[in-house]
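Asker: quick one, what's the 3D model for this:
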Amino acid sequence: MKRLTHIAHPIVVLAWGVLRALIAFLAGAASALAVRPLTSDPASLITVWPVLFVTFPVAVWLLDGAAGRWGGVVAGALTGWWFGFGYFLFGLYWIGLAFLVDAKTFAWLIPFAVIGLPAYLALYTALGFALARALWTRGAMRILTLAAALTLAEWLRGHLLSGFPWNTFGYALTTPLQFAQSTTLFGIWGLTFIAVAVFAAPAVLADERADTRRPWLVPAAAAVVLVALFLGGAFRLATTPTTYVDGVRLRIMQPNVPQDEKFSYANKAQVMQHYLALSDRATGPNSAGVASATLLIWPESAFPFFLTREPDALAQIAGLLHGGPVLITGAARAAELAPASRDLHAYNSIYVIDHDGSVLSVYDKIHLVPFGEYLPFQRLLERIGLRQLTRLQGGFLAGDRRRLLAPPNAPKFLPLICYEIIFPNNVLPPGERPGWMLNLTNDAWFGESVGPYQHFQQARVRAIEEGLPLVRAANTGISAVVDPVGRVIHSLPLGSEGLIDSALPQALARTPYSHTGDAPLGLLVAVILVIAAVRRMQQ
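Answerer: So this is what the prediction gives:
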């Protein structure tokens, strides 16, 4: 412990200026390894999450040495910004790939996406560090203070300005799958609090004896928490078998259409023929093709046209289904506007289409992607020549409310388009519980980067939080069927074409988290911050 003290204090705690910023940046960048999958198998994603046992103690030591204006709060905020900038820069670099799909139009915006977004998101980390430093005390209490402050900052990141909770720190503890089971109790925000507290715990090993008399007790307690989470999750997995809904057969089609072809109207016939042929492909010697399915599922924005304005496309779909399954597909839906209006507006939607080609029900996406599906200050930015990535003039419109859809001969399902599924405790409509969640997405924007793997893992955690099975159809992957404890029943790898034929897993009873939401965590964070404030005033 003395040797650790001699390393931590002169190298990290007393670091200042450029060196302090560099240490914080490198610690944040290394922390991104905890949310960067090392494997390509969705059923066994592995990350280097133990690296946080090094990077979060470094964050604590940097806050120990923060000095200057307002009791070191400004220095703490700057430290937090550099830590967050490194974390988000290396964790979200892949967003820039979306601007290469139409490189002639959007490539010049890559620096703004790759650097600007992490710079903005790092403001929340700066807020968490600043709050922690304002309430900083000696000893083990500062570990809980940092966990509470960062959890609050991360929660705000997930809610303010439309929210973007991607890669919140709690996701580091969702692999292996045993750890992720704890989200049924307190959700991903609660797991974020635990993750920060557990990973930062070794920092006290460098404390002076006057500050922490038995410093080994703190990392020992953190180890006990980790073991308890793992064993509890292992018990839940071992005692929760996968059961299936009687009489429901799913067929998920992953077409792997290149992004630049998918949105070209000139490719209309080619795209439709590809979908139709692939959907009816036999998957075995006894396969009857699409006729063996109850539900045929196609991914987000499946067509380079407005589906209901193309009668021939609906006729082709009816011919494919020929009195058999129901089709659930993503598609853009033209908005009904006044006859005099020249504007073209649309919704990003999910259609349920009967076997005769008639539309049974529609869901319009509520949580749109900023700069991808719409622009803030849309009309103003369009006047100066800017467009969102989808290039639809006027941008997409948001749907009015979350709703369940009820296909024939299958349980009601919750439709979620693309990144709508990444928002914890904000996916289910109040007072209603579906039998399953359906996530249609198009991650072809991001190629074969880590982005689609991160997206899949976050969708998987929503299934565990809510105790609901997840069915996922993606244009280029990762398509999958996931049971309500997060086990991957079937999947198709990223960047491949294929089909999944599967039964529909049965939902579990409502989880504690689905009942209580984030209220217990909010109370815990408030109590810790109040205690820290009182102790700070007493010093």
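Asker: which residue is the nearest non-sequential neighbour of residue 123?
Answerer: residue 81 (6.8 Å; C-beta to C-beta, 6 or more residues apart in numbering). For every residue, glycine as well, the C-beta is placed using N, CA and C.
Asker: what helix or strand is that neighbour on?
Answerer: Element membership for residue 81 (DSSP states H and E) is helix 69-91.
Asker: ok now that helix, how far from the chain's centre?
Answerer: From the chain centre to the centre of helix 69-91 is a distance of 23 Å (C-alpha atoms, centre = their mean, to the nearest Å).
Asker: beyond it, next helix or strand please.
Answerer: helix 103-106.
Asker: distance between that following helix and the chain's centre?
Answerer: 27 Å.
Asker: can you give me the buried ones in that helix?
Answerer: For helix 103-106, burial by neighbour count (16 or more other C-beta atoms under 10 Å) applies to residue 106.
Asker: over that helix, what's the mean pLDDT, rounded is fine.
Answerer: Averaging pLDDT along helix 103-106 yields 80.
Asker: please list all residues in contact with the nearest residue to residue 242 once chain neighbours are set aside.
Answerer: Nearest residue to residue 242, sequence neighbours excluded (C-beta to C-beta, 6+ apart): residue 483, at 4.5 Å. Contacts for residue 483 (C-beta atoms under 8 Å, 6 or more residues apart in numbering) come out as 242, 463, 469, 489, 505.
Asker: any chance of the residues you listed in a markdown table, plus pLDDT?
Answerer: Below are the contacts of residue 483 laid out as a markdown table (pLDDT from 0 to 100):
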| residue | pLDDT |
| --- | --- |
| 242 | 97 |
| 463 | 97 |
| 469 | 98 |
| 489 | 97 |
| 505 | 98 |
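Asker: which helices and strands does the helix or strand where residue 530 lies pack with?
Answerer: Using DSSP H and E, residue 530 falls within helix 519-538. Counting contacts by 3 or more C-beta pairs under 8 Å, 6 or more residues apart in numbering; DSSP states H and E, helix 519-538 packs against helix 141-157, helix 183-200.
Asker: picking that back up, of the contacts of residue 483, which belong to strands?
Answerer: 489, 505 (DSSP state E).
Asker: now residue 498, what are its backbone angles?
Answerer: phi 170, psi -170 (degrees, to the nearest 10).
Asker: residues in contact with it?
Answerer: Residue 498 sits next to 254, 256, 492 when contact means C-beta under 8 Å, 6+ apart.
Asker: same thing but at 10 Å, please
Answerer: Applying C-beta atoms under 10 Å, 6 or more residues apart in numbering, we find residue 498 in contact with 252-256, 278, 281, 283, 477, 479, 491-492.
Asker: can you map out the strands along the chain?
Answerer: Using DSSP E, strands in the chain cover 244-254, 295-297, 326-334, 346-353, 359-364, 396-397, 413-417, 436-441, 470-474, 479-482, 488-492, 498-505.
Asker: lowest average confidence across those, which one?
Answerer: strand 396-397 - the lowest mean pLDDT of the strands of the chain, at a mean of 88.
Asker: output the below-cut-off pLDDT ranges for this structure.
Answerer: Applying pLDDT under 70 to the chain flags the ranges 1-7, 210-212, 260, 262-263, 337-344, 377-394.
Asker: how about a cut-off of 50?
Answerer: For the chain, residues meeting the criterion pLDDT under 50 lie at 338, 340.
Asker: per-domain residue ranges of it.
Answerer: By the assignment in automatic domain parsing, the chain contains the domains 2-239, 244-507.
Asker: kindly reformat those as CSV containing distance to residue 533.
Answerer: Formatted as CSV, these follow (distance: least, C-beta to C-beta, whole Å):
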stretch, distance to residue 533
domain 2-239, 5
domain 244-507, 27
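Asker: next, count neighbours for residue 68.
Answerer: Around residue 68 there are 12 other residues, counting by other C-beta atoms under 10 Å.
Asker: same question but for residue 420, I mixed them up
Answerer: By other C-beta under 10 Å, the residues close to residue 420 number 23.
Asker: with residue 170 instead?
Answerer: Neighbour count for residue 170, taken as other C-beta under 10 Å: 28.
Asker: report the contact partners of it.
Answerer: If a contact means C-beta under 10 Å, 6+ apart, then residue 170 has 35, 151, 154, 179-180, 182-183, 186-196, 424, 461 as its contacts.
Asker: quick one, helices of the stretch 351-500 of the chain?
Answerer: In the stretch 351-500 of the chain, helices defined by DSSP state H, counting those that start in this stretch lie at 378-383, 451-466, listed in chain order.
Asker: so which of these gets nearest residue 531?
Answerer: Proximity to residue 531 (C-beta to C-beta) singles out helix 451-466 among these, at 28.2 Å.
Asker: between the closest one and strand 488-492, how big is the angle?
Answerer: 160 degrees (axes from the mean of the first three to the mean of the last three C-alpha atoms, to 10 degrees).
Asker: how far does helix 451-466 sit from its chain's centre?
Answerer: In terms of C-alpha atoms, centre = their mean, the centre of helix 451-466 is found 6 Å from the chain centre.
Asker: swap in stretch 305-313?
Answerer: Using C-alpha atoms, centre = their mean, the offset of stretch 305-313 from its chain centre is 32 Å.
Asker: helices or strands next to the helix holding residue 81 in the packing?
Answerer: The helices and strands touching helix 69-91, judged by 3 or more C-beta pairs under 10 Å, 6 or more residues apart in numbering; DSSP states H and E, are helix 17-31, helix 52-64, helix 117-134, helix 141-157.
Asker: now it: buried residues?
Answerer: 72-91.
Asker: adding distance to residue 221, write the strands of the chain out as CSV.
Answerer: Converted to CSV, the strands of the chain look like this (distance: least, C-beta to C-beta, whole Å):
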stretch, distance to residue 221
strand 244-254, 41
strand 295-297, 46
strand 326-334, 47
strand 346-353, 46
strand 359-364, 46
strand 396-397, 48
strand 413-417, 37
strand 436-441, 36
strand 470-474, 34
strand 479-482, 33
strand 488-492, 33
strand 498-505, 36
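Asker: so for residue 128, which of the ones you listed sits nearest?
Answerer: Comparing those under C-beta to C-beta, the one sitting nearest is strand 413-417, at 28.3 Å.
Asker: ok, and the closest non-adjacent residue to residue 68?
Answerer: Here the residue nearest residue 68, using C-beta to C-beta, 6+ apart, is residue 75, at 4.9 Å.
Asker: check residue 307 too.
Answerer: Nearest to residue 307 is residue 331, by C-beta to C-beta, 6+ apart, at 4.2 Å.
Asker: that neighbour: neighbouring residues, count only.
Answerer: By other C-beta under 10 Å, the residues close to residue 331 number 25.
Asker: what residues are up against it?
Answerer: By C-beta under 10 Å, 6+ apart, the neighbours of residue 331 are 298, 300-303, 305-308, 310, 313, 346-351, 353, 359, 362, 440.
Asker: sorry, back to before: which one of the helices and strands packed on helix 519-538 lies nearest to residue 395?
Answerer: Nearest of the helices and strands packed on helix 519-538 (C-beta to C-beta): helix 141-157, 23.4 Å.
Asker: how far is the closest one from where the chain is centred?
Answerer: So, by C-alpha atoms, centre = their mean, the centroid of helix 141-157 is 20 Å from its chain's centroid.
Asker: I figured residue 486 was touching residue 237, is that so?
Answerer: Yes - with contact defined as C-beta atoms under 10 Å, residue 486 counts as touching residue 237 (8.4 Å).
Asker: great, nothing more from me.
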